[in-house]
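1. Got a predicted structure here, sequence first:
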Number of protein chains: 2
Amino acid sequence: MARPKSEDKRNAILDAATRLFAERGLTAAPTSDISKQAGIAEGTLFTYFKTKNDLINALYREIKLELADAMMSDFPRKKNIHTRLRHVWDRYVNWGIANPKQRKVLAQLQVSGVLTKESRDAGSAPFVEFQTMIRHAIEQRVFRNDLPVELISKSLAALVEATIDLTVSNRSKAKQYRDSGFQMFWAAITK
Amino acid sequence: MARPKSEDKRNAILDAATRLFAERGLTAAPTSDISKQAGIAEGTLFTYFKTKNDLINALYREIKLELADAMMSDFPRKKNIHTRLRHVWDRYVNWGIANPKQRKVLAQLQVSGVLTKESRDAGSAPFVEFQTMIRHAIEQRVFRNDLPVELISKSLAALVEATIDLTVSNRSKAKQYRDSGFQMFWAAITK
DNA sequence: TGTATAATTGAGTATGCACTCGGTAATAGA
DNA sequence: TCTATTACCGAGTGCATACTCAATTATACA
(Lines give C-alpha, C1' and ligand atoms only; values in the text may rest on other atoms or scores of the structure.)
Protein backbone atom coordinates (compact mmCIF):
# COMPACT_ATOMS: atom_id res chain seq x y z
CA MET A 1 0.00 0.00 0.00
CA ALA A 2 1.87 2.94 -1.33
CA ARG A 3 2.58 4.94 -4.40
CA PRO A 4 4.17 2.81 -7.11
CA LYS A 5 7.09 3.81 -9.31
CA SER A 6 6.21 4.47 -12.90
CA GLU A 7 7.70 2.36 -15.65
CA ASP A 8 7.11 5.30 -17.96
CA LYS A 9 9.28 7.61 -15.89
CA ARG A 10 12.04 5.06 -15.74
CA ASN A 11 12.00 4.75 -19.50
CA ALA A 12 11.87 8.50 -19.94
CA ILE A 13 15.02 8.79 -17.85
CA LEU A 14 16.82 6.12 -19.84
CA ASP A 15 15.73 7.71 -23.11
CA ALA A 16 16.88 11.15 -22.05
CA ALA A 17 20.19 9.73 -20.86
CA THR A 18 20.69 7.98 -24.18
CA ARG A 19 20.13 11.18 -26.12
CA LEU A 20 22.35 13.32 -23.93
CA PHE A 21 25.15 10.77 -23.57
CA ALA A 22 25.23 10.33 -27.32
CA GLU A 23 25.31 14.06 -27.98
CA ARG A 24 27.67 15.23 -25.26
CA GLY A 25 29.38 12.23 -23.73
CA LEU A 26 28.89 10.50 -20.40
CA THR A 27 30.34 13.12 -18.09
CA ALA A 28 29.25 16.22 -19.98
CA ALA A 29 25.63 15.22 -19.49
CA PRO A 30 24.65 16.30 -15.95
CA THR A 31 21.82 14.66 -14.05
CA SER A 32 20.03 18.02 -13.97
CA ASP A 33 19.79 18.03 -17.76
CA ILE A 34 18.81 14.39 -17.92
CA SER A 35 15.96 15.02 -15.48
CA LYS A 36 14.82 18.09 -17.39
CA GLN A 37 14.77 16.15 -20.67
CA ALA A 38 12.88 13.35 -18.99
CA GLY A 39 10.28 15.79 -17.64
CA ILE A 40 10.86 15.07 -13.96
CA ALA A 41 12.53 16.73 -11.00
CA GLU A 42 16.18 16.02 -10.40
CA GLY A 43 15.46 14.38 -7.07
CA THR A 44 13.12 11.92 -8.73
CA LEU A 45 15.91 10.58 -10.87
CA PHE A 46 17.58 9.37 -7.69
CA THR A 47 14.58 7.39 -6.56
CA TYR A 48 14.82 5.39 -9.77
CA PHE A 49 18.63 5.11 -9.78
CA LYS A 50 20.61 5.40 -6.57
CA THR A 51 23.56 7.07 -8.29
CA LYS A 52 24.46 8.30 -11.76
CA ASN A 53 26.68 5.26 -12.08
CA ASP A 54 23.73 2.98 -11.41
CA LEU A 55 21.83 4.75 -14.16
CA ILE A 56 24.73 4.24 -16.55
CA ASN A 57 24.99 0.56 -15.76
CA ALA A 58 21.25 0.06 -16.11
CA LEU A 59 21.32 1.82 -19.46
CA TYR A 60 24.07 -0.48 -20.66
CA ARG A 61 22.04 -3.58 -19.86
CA GLU A 62 18.95 -2.12 -21.44
CA ILE A 63 20.68 -1.37 -24.73
CA LYS A 64 22.40 -4.74 -24.90
CA LEU A 65 19.06 -6.39 -24.33
CA GLU A 66 17.47 -4.39 -27.14
CA LEU A 67 20.28 -5.37 -29.45
CA ALA A 68 19.97 -9.04 -28.56
CA ASP A 69 16.22 -8.87 -29.13
CA ALA A 70 16.73 -7.31 -32.52
CA MET A 71 19.28 -9.95 -33.49
CA MET A 72 17.49 -13.00 -32.21
CA SER A 73 13.82 -12.31 -32.89
CA ASP A 74 12.47 -14.50 -35.67
CA PHE A 75 15.73 -16.41 -35.50
CA PRO A 76 15.49 -19.25 -38.07
CA ARG A 77 16.61 -22.05 -35.77
CA LYS A 78 15.78 -24.75 -38.29
CA LYS A 79 17.70 -23.31 -41.23
CA ASN A 80 21.37 -23.96 -42.07
CA ILE A 81 24.24 -22.10 -40.49
CA HIS A 82 24.76 -19.75 -43.42
CA THR A 83 21.16 -18.59 -43.24
CA ARG A 84 21.25 -18.24 -39.49
CA LEU A 85 24.46 -16.23 -39.53
CA ARG A 86 23.12 -14.03 -42.28
CA HIS A 87 20.01 -13.41 -40.22
CA VAL A 88 22.06 -12.29 -37.26
CA TRP A 89 24.29 -10.21 -39.50
CA ASP A 90 21.43 -8.35 -41.17
CA ARG A 91 19.59 -7.72 -37.93
CA TYR A 92 22.71 -6.39 -36.25
CA VAL A 93 23.54 -4.09 -39.15
CA ASN A 94 19.99 -2.81 -39.40
CA TRP A 95 19.78 -2.19 -35.68
CA GLY A 96 23.00 -0.19 -35.77
CA ILE A 97 21.79 1.97 -38.63
CA ALA A 98 18.40 2.54 -37.02
CA ASN A 99 19.80 3.26 -33.56
CA PRO A 100 22.88 5.44 -33.93
CA LYS A 101 22.50 6.98 -30.49
CA GLN A 102 22.26 3.68 -28.69
CA ARG A 103 25.25 2.48 -30.63
CA LYS A 104 27.30 5.53 -29.77
CA VAL A 105 26.44 5.22 -26.10
CA LEU A 106 27.37 1.56 -26.14
CA ALA A 107 30.74 2.36 -27.68
CA GLN A 108 31.40 4.90 -24.95
CA LEU A 109 30.29 2.63 -22.15
CA GLN A 110 32.39 -0.31 -23.30
CA VAL A 111 35.63 1.64 -23.03
CA SER A 112 34.78 4.03 -20.21
CA GLY A 113 35.68 1.75 -17.32
CA VAL A 114 32.54 2.59 -15.36
CA LEU A 115 30.76 -0.72 -15.95
CA THR A 116 30.68 -3.26 -13.15
CA LYS A 117 31.54 -6.87 -13.83
CA GLU A 118 27.92 -7.75 -13.09
CA SER A 119 26.75 -5.42 -15.83
CA ARG A 120 29.20 -6.84 -18.33
CA ASP A 121 28.08 -10.36 -17.55
CA ALA A 122 24.42 -9.39 -17.70
CA GLY A 123 25.10 -7.66 -20.99
CA SER A 124 26.55 -10.72 -22.66
CA ALA A 125 24.03 -13.19 -21.23
CA PRO A 126 21.44 -12.63 -23.97
CA PHE A 127 23.98 -13.70 -26.58
CA VAL A 128 24.69 -17.20 -25.35
CA GLU A 129 22.51 -18.80 -28.01
CA PHE A 130 24.59 -17.09 -30.63
CA GLN A 131 27.84 -18.29 -29.09
CA THR A 132 26.48 -21.80 -28.93
CA MET A 133 25.57 -21.70 -32.60
CA ILE A 134 29.14 -20.85 -33.52
CA ARG A 135 30.57 -23.55 -31.29
CA HIS A 136 28.38 -26.14 -33.01
CA ALA A 137 29.36 -24.91 -36.42
CA ILE A 138 33.01 -25.34 -35.55
CA GLU A 139 32.43 -28.84 -34.23
CA GLN A 140 30.59 -29.76 -37.40
CA ARG A 141 33.55 -28.55 -39.43
CA VAL A 142 31.56 -25.95 -41.29
CA PHE A 143 34.17 -23.41 -40.29
CA ARG A 144 37.91 -23.65 -40.35
CA ASN A 145 38.61 -25.65 -37.23
CA ASP A 146 41.76 -23.78 -36.24
CA LEU A 147 39.89 -20.64 -35.29
CA PRO A 148 39.05 -19.93 -31.66
CA VAL A 149 35.35 -19.32 -31.04
CA GLU A 150 36.08 -15.93 -29.52
CA LEU A 151 37.95 -14.81 -32.60
CA ILE A 152 34.95 -15.62 -34.74
CA SER A 153 32.39 -13.85 -32.61
CA LYS A 154 34.65 -10.87 -32.08
CA SER A 155 35.28 -10.73 -35.82
CA LEU A 156 31.58 -10.72 -36.55
CA ALA A 157 31.07 -7.81 -34.21
CA ALA A 158 34.12 -6.00 -35.58
CA LEU A 159 33.07 -6.41 -39.20
CA VAL A 160 29.48 -5.45 -38.47
CA GLU A 161 30.68 -2.28 -36.78
CA ALA A 162 32.90 -1.44 -39.74
CA THR A 163 29.96 -2.07 -42.07
CA ILE A 164 27.63 0.15 -40.06
CA ASP A 165 30.17 2.96 -39.88
CA LEU A 166 30.51 2.94 -43.63
CA THR A 167 26.78 2.76 -44.23
CA VAL A 168 26.08 5.66 -41.94
CA SER A 169 28.46 7.84 -43.92
CA ASN A 170 26.97 6.70 -47.24
CA ARG A 171 23.38 5.57 -46.87
CA SER A 172 22.77 5.01 -50.57
CA LYS A 173 25.15 2.04 -50.57
CA ALA A 174 23.58 0.36 -47.57
CA LYS A 175 22.67 -2.83 -49.37
CA GLN A 176 26.03 -3.17 -51.10
CA TYR A 177 27.95 -2.70 -47.86
CA ARG A 178 25.76 -5.15 -45.99
CA ASP A 179 26.26 -7.80 -48.66
CA SER A 180 29.97 -7.22 -49.13
CA GLY A 181 30.58 -7.16 -45.42
CA PHE A 182 28.89 -10.49 -44.91
CA GLN A 183 30.69 -12.07 -47.83
CA MET A 184 33.96 -10.99 -46.29
CA PHE A 185 32.97 -12.44 -42.98
CA TRP A 186 31.83 -15.72 -44.48
CA ALA A 187 35.00 -16.02 -46.56
CA ALA A 188 37.05 -15.33 -43.46
CA ILE A 189 35.64 -18.15 -41.36
CA THR A 190 34.94 -20.95 -43.84
CA LYS A 191 37.44 -23.20 -45.52
CA MET B 1 65.89 35.67 -25.26
CA ALA B 2 63.95 33.89 -22.61
CA ARG B 3 63.54 30.62 -20.84
CA PRO B 4 62.68 27.78 -23.23
CA LYS B 5 60.03 25.14 -22.66
CA SER B 6 61.31 21.70 -21.91
CA GLU B 7 60.56 18.85 -24.29
CA ASP B 8 61.05 16.51 -21.33
CA LYS B 9 58.29 18.17 -19.32
CA ARG B 10 55.93 18.06 -22.25
CA ASN B 11 56.54 14.35 -22.63
CA ALA B 12 56.18 13.78 -18.91
CA ILE B 13 52.75 15.42 -19.04
CA LEU B 14 51.65 13.31 -22.00
CA ASP B 15 52.94 10.15 -20.33
CA ALA B 16 51.18 10.92 -17.08
CA ALA B 17 47.97 11.71 -18.95
CA THR B 18 48.20 8.42 -20.82
CA ARG B 19 48.55 6.46 -17.60
CA LEU B 20 45.76 8.23 -15.77
CA PHE B 21 43.33 8.32 -18.70
CA ALA B 22 43.85 4.60 -19.22
CA GLU B 23 43.30 3.81 -15.55
CA ARG B 24 40.45 6.15 -14.70
CA GLY B 25 39.01 7.54 -17.90
CA LEU B 26 39.27 10.97 -19.48
CA THR B 27 37.14 12.95 -17.08
CA ALA B 28 38.00 11.10 -13.90
CA ALA B 29 41.63 12.11 -14.32
CA PRO B 30 41.94 15.69 -13.01
CA THR B 31 44.69 18.02 -14.19
CA SER B 32 45.94 18.23 -10.60
CA ASP B 33 46.72 14.50 -10.63
CA ILE B 34 48.24 14.61 -14.08
CA SER B 35 50.59 17.40 -12.98
CA LYS B 36 51.51 15.54 -9.83
CA GLN B 37 52.33 12.38 -11.77
CA ALA B 38 54.35 14.41 -14.24
CA GLY B 39 56.32 16.01 -11.43
CA ILE B 40 55.35 19.60 -12.15
CA ALA B 41 53.05 22.23 -10.70
CA GLU B 42 49.48 22.37 -11.94
CA GLY B 43 49.95 25.83 -13.38
CA THR B 44 52.86 24.62 -15.49
CA LEU B 45 50.62 22.16 -17.26
CA PHE B 46 48.70 25.10 -18.65
CA THR B 47 51.79 26.72 -20.14
CA TYR B 48 52.28 23.57 -22.22
CA PHE B 49 48.60 23.08 -23.06
CA LYS B 50 46.17 25.97 -22.99
CA THR B 51 43.28 23.80 -21.83
CA LYS B 52 42.71 20.20 -20.81
CA ASN B 53 41.03 19.70 -24.17
CA ASP B 54 44.16 20.84 -25.96
CA LEU B 55 46.14 18.31 -23.98
CA ILE B 56 43.72 15.58 -24.97
CA ASN B 57 43.89 16.46 -28.64
CA ALA B 58 47.67 16.64 -28.58
CA LEU B 59 47.81 13.25 -26.91
CA TYR B 60 45.62 11.77 -29.61
CA ARG B 61 47.95 12.96 -32.37
CA GLU B 62 50.98 11.75 -30.49
CA ILE B 63 49.64 8.24 -30.06
CA LYS B 64 48.46 7.96 -33.65
CA LEU B 65 51.90 9.03 -34.80
CA GLU B 66 53.55 6.39 -32.61
CA LEU B 67 51.24 3.75 -34.03
CA ALA B 68 51.95 4.81 -37.61
CA ASP B 69 55.69 4.75 -36.91
CA ALA B 70 55.43 1.26 -35.51
CA MET B 71 53.42 0.05 -38.50
CA MET B 72 55.42 1.67 -41.25
CA SER B 73 59.02 1.47 -40.05
CA ASP B 74 61.05 -1.03 -42.10
CA PHE B 75 58.08 -1.23 -44.43
CA PRO B 76 59.05 -3.64 -47.28
CA ARG B 77 58.04 -1.39 -50.17
CA LYS B 78 59.57 -3.69 -52.76
CA LYS B 79 57.89 -6.89 -51.67
CA ASN B 80 54.50 -8.21 -52.83
CA ILE B 81 51.21 -7.11 -51.37
CA HIS B 82 50.77 -10.15 -49.15
CA THR B 83 54.13 -9.54 -47.51
CA ARG B 84 53.47 -5.84 -47.10
CA LEU B 85 50.06 -6.39 -45.56
CA ARG B 86 51.44 -9.02 -43.25
CA HIS B 87 54.13 -6.59 -42.16
CA VAL B 88 51.54 -3.97 -41.28
CA TRP B 89 49.38 -6.55 -39.56
CA ASP B 90 52.17 -7.90 -37.36
CA ARG B 91 53.43 -4.47 -36.43
CA TYR B 92 49.94 -3.27 -35.52
CA VAL B 93 49.21 -6.34 -33.41
CA ASN B 94 52.57 -6.15 -31.65
CA TRP B 95 52.16 -2.46 -30.93
CA GLY B 96 48.73 -3.06 -29.42
CA ILE B 97 50.00 -5.80 -27.16
CA ALA B 98 53.02 -3.78 -26.07
CA ASN B 99 51.07 -0.57 -25.51
CA PRO B 100 47.79 -1.43 -23.83
CA LYS B 101 47.46 1.96 -22.18
CA GLN B 102 47.92 3.92 -25.37
CA ARG B 103 45.42 1.63 -27.03
CA LYS B 104 42.86 2.09 -24.30
CA VAL B 105 43.22 5.85 -24.42
CA LEU B 106 42.86 5.83 -28.19
CA ALA B 107 39.65 3.84 -27.92
CA GLN B 108 38.26 6.34 -25.45
CA LEU B 109 39.28 9.35 -27.49
CA GLN B 110 37.79 8.04 -30.70
CA VAL B 111 34.31 7.80 -29.23
CA SER B 112 34.43 10.64 -26.73
CA GLY B 113 33.46 13.45 -29.07
CA VAL B 114 36.14 15.80 -27.75
CA LEU B 115 38.45 15.56 -30.75
CA THR B 116 38.50 18.43 -33.21
CA LYS B 117 38.27 17.78 -36.93
CA GLU B 118 41.86 19.03 -37.25
CA SER B 119 43.04 16.38 -34.82
CA ARG B 120 41.19 13.63 -36.62
CA ASP B 121 42.69 14.68 -39.92
CA ALA B 122 46.15 15.00 -38.42
CA GLY B 123 45.68 11.57 -36.87
CA SER B 124 44.92 9.84 -40.13
CA ALA B 125 47.54 11.67 -42.18
CA PRO B 126 50.38 9.28 -41.29
CA PHE B 127 48.37 6.41 -42.76
CA VAL B 128 48.01 7.66 -46.32
CA GLU B 129 50.73 5.37 -47.64
CA PHE B 130 48.81 2.43 -46.27
CA GLN B 131 45.56 3.57 -47.89
CA THR B 132 47.37 4.03 -51.19
CA MET B 133 48.75 0.54 -51.03
CA ILE B 134 45.25 -0.90 -50.70
CA ARG B 135 43.91 1.22 -53.52
CA HIS B 136 46.64 -0.07 -55.82
CA ALA B 137 46.01 -3.65 -54.82
CA ILE B 138 42.35 -3.27 -55.74
CA GLU B 139 43.21 -1.74 -59.09
CA GLN B 140 45.58 -4.58 -59.80
CA ARG B 141 42.80 -7.05 -59.06
CA VAL B 142 44.66 -8.72 -56.23
CA PHE B 143 41.60 -8.22 -54.06
CA ARG B 144 37.98 -8.79 -54.83
CA ASN B 145 37.12 -5.73 -56.84
CA ASP B 146 33.64 -5.25 -55.44
CA LEU B 147 34.92 -4.18 -52.04
CA PRO B 148 35.12 -0.48 -51.16
CA VAL B 149 38.58 0.63 -50.02
CA GLU B 150 37.21 1.89 -46.76
CA LEU B 151 35.64 -1.45 -45.93
CA ILE B 152 39.00 -3.12 -46.37
CA SER B 153 40.98 -0.71 -44.23
CA LYS B 154 38.29 -0.61 -41.57
CA SER B 155 38.18 -4.40 -41.58
CA LEU B 156 41.89 -4.62 -41.08
CA ALA B 157 41.66 -2.32 -38.07
CA ALA B 158 38.62 -4.15 -36.74
CA LEU B 159 40.21 -7.59 -37.06
CA VAL B 160 43.49 -6.42 -35.59
CA GLU B 161 41.63 -5.04 -32.60
CA ALA B 162 39.76 -8.28 -32.13
CA THR B 163 43.05 -10.18 -32.37
CA ILE B 164 44.75 -7.95 -29.82
CA ASP B 165 41.86 -8.22 -27.39
CA LEU B 166 42.05 -11.98 -27.51
CA THR B 167 45.80 -12.07 -27.16
CA VAL B 168 45.77 -9.80 -24.16
CA SER B 169 43.42 -12.17 -22.39
CA ASN B 170 45.51 -15.21 -23.36
CA ARG B 171 49.13 -14.32 -23.95
CA SER B 172 50.33 -17.85 -24.50
CA LYS B 173 48.41 -18.09 -27.75
CA ALA B 174 49.75 -14.83 -29.15
CA LYS B 175 51.34 -16.37 -32.21
CA GLN B 176 48.34 -18.54 -33.05
CA TYR B 177 45.94 -15.63 -32.80
CA ARG B 178 48.14 -13.38 -34.88
CA ASP B 179 48.41 -15.99 -37.63
CA SER B 180 44.76 -16.99 -37.58
CA GLY B 181 43.64 -13.39 -37.55
CA PHE B 182 45.68 -12.53 -40.58
CA GLN B 183 44.55 -15.62 -42.45
CA MET B 184 40.96 -14.59 -41.82
CA PHE B 185 41.65 -11.10 -43.07
CA TRP B 186 43.45 -12.34 -46.18
CA ALA B 187 40.68 -14.81 -46.96
CA ALA B 188 38.13 -12.04 -46.51
CA ILE B 189 39.60 -9.67 -49.05
CA THR B 190 41.01 -11.92 -51.77
CA LYS B 191 39.06 -13.87 -54.37
C1' DT C 1 -13.34 7.68 2.99
C1' DG C 2 -9.24 7.60 5.83
C1' DT C 3 -4.53 6.48 6.46
C1' DA C 4 0.00 4.64 5.98
C1' DT C 5 3.44 4.56 2.79
C1' DA C 6 6.22 5.90 -0.74
C1' DA C 7 6.89 8.92 -4.86
C1' DT C 8 7.78 13.66 -6.18
C1' DT C 9 9.68 18.19 -5.88
C1' DG C 10 13.39 21.68 -6.21
C1' DA C 11 16.09 24.54 -3.46
C1' DG C 12 20.16 23.70 -0.95
C1' DT C 13 24.84 21.59 0.07
C1' DA C 14 29.28 19.89 -0.27
C1' DT C 15 32.71 18.57 -3.22
C1' DG C 16 35.74 18.55 -7.02
C1' DC C 17 37.82 20.50 -10.72
C1' DA C 18 39.63 23.55 -14.65
C1' DC C 19 41.86 27.43 -14.83
C1' DT C 20 44.05 32.08 -12.95
C1' DC C 21 47.34 35.07 -11.06
C1' DG C 22 50.88 37.36 -8.41
C1' DG C 23 55.36 36.19 -7.09
C1' DT C 24 59.81 33.81 -8.12
C1' DA C 25 63.49 31.55 -10.69
C1' DA C 26 65.89 30.49 -14.78
C1' DT C 27 67.97 31.56 -19.18
C1' DA C 28 69.01 33.67 -23.79
C1' DG C 29 70.98 37.52 -25.68
C1' DA C 30 73.29 42.20 -25.12
C1' DT D 1 77.26 40.61 -15.70
C1' DC D 2 72.87 42.77 -16.49
C1' DT D 3 68.24 42.64 -18.19
C1' DA D 4 64.10 41.31 -20.60
C1' DT D 5 61.47 37.62 -21.16
C1' DT D 6 59.27 33.60 -20.08
C1' DA D 7 58.92 29.24 -17.55
C1' DC D 8 57.51 27.73 -13.13
C1' DC D 9 54.99 27.54 -8.83
C1' DG D 10 50.81 26.54 -6.00
C1' DA D 11 47.33 28.77 -3.28
C1' DG D 12 43.11 30.63 -4.55
C1' DT D 13 38.63 31.31 -7.26
C1' DG D 14 34.45 30.50 -9.37
C1' DC D 15 31.65 27.40 -11.39
C1' DA D 16 29.54 22.97 -12.31
C1' DT D 17 27.39 19.08 -10.57
C1' DA D 18 26.08 14.71 -7.94
C1' DC D 19 23.35 14.02 -4.36
C1' DT D 20 20.22 15.33 -0.03
C1' DC D 21 16.22 16.52 2.53
C1' DA D 22 12.08 18.61 4.38
C1' DA D 23 7.72 19.52 2.62
C1' DT D 24 4.06 17.98 -0.41
C1' DT D 25 1.31 14.91 -3.20
C1' DA D 26 -0.49 10.65 -4.97
C1' DT D 27 -2.17 5.99 -4.34
C1' DA D 28 -2.98 1.17 -2.66
C1' DC D 29 -5.46 -0.92 0.70
C1' DA D 30 -8.59 -1.29 4.90
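-> Looks like it arrived, so ask away. Numbering: from 1, shown residues only, chains lettered A, B, ... in the order given.
2. Can you report how many residues lie near A:Ile97?
-> By other Cβ atoms under 10 Å in any protein chain shown, 17 other residues sit near A:Ile97. (Each C-beta comes from the backbone N, C-alpha and C, glycine too.)
3. got the contact list for A:Leu151?
-> B:Ala162, B:Thr163, B:Leu166, B:Tyr177, B:Ser180, B:Gly181, B:Met184 (Cβ atoms under 8 Å, 6 or more residues apart in numbering or on different chains).
4. What is the burial count for the third one?
-> For B:Leu166, the neighbour count with other Cβ under 10 Å is 21.
5. Likewise for the fourth one?
-> Applying other Cβ under 10 Å, we find 24 other residues in the vicinity of B:Tyr177.
6. Now do the strand or helix carrying it against helix A:174-189, angle only.
-> Using DSSP states H and E, B:Tyr177 maps to helix B:174-189. Angle, helix B:174-189 to helix A:174-189, by axes from the mean of the first three to the mean of the last three Cα atoms, to 10 degrees: 140 degrees.
7. those strands in chain A, which residues are they?
-> Taking DSSP state E, chain A contains no strands at all.
8. buried set for the worst-scoring helix or strand of it on mean pLDDT?
-> Across the helices and strands of chain A, the lowest-confidence element by mean pLDDT, DSSP states H and E is helix A:128-139, at a mean of 89. By 16 or more other Cβ atoms under 10 Å in any protein chain shown, the buried positions in helix A:128-139 come out as A:Phe130, A:Met133, A:Ile134, A:Ala137, A:Ile138.
9. Go ahead and confirm the third one touches A:Val149.
-> Yes - taking contact to mean Cβ atoms under 8 Å, the distance of 5.6 Å between A:Ile134 and A:Val149 places them in contact.
10. residue contacts, A:Leu147?
-> Neighbour list for A:Leu147: A:Ile138, A:Ile189, B:Ser180, B:Met184 [criterion: Cβ under 8 Å, 6+ apart].
11. if we go to 7 Å?
-> A:Ile189, B:Ser180 (Cβ atoms under 7 Å, 6 or more residues apart in numbering or on different chains).
12. what's the answer for A:Phe49, then?
-> A:Phe49 neighbours (Cβ under 7 Å, 6+ apart): A:Leu55, A:Ala58.
13. A:Asn57 versus that one, what's the distance?
-> 9 Å (Cβ to Cβ, to the nearest Å).
14. Pull the number of nearby residues for the residue nearest to A:Phe182 when sequence neighbours are not counted.
-> Nearest-residue entry for A:Phe182: A:Trp89, 5.0 Å, with adjacent residues in sequence omitted and distances by Cβ to Cβ, 6 or more residues apart in numbering or on different chains. Using other Cβ under 10 Å, A:Trp89 is surrounded by 21 other residues.
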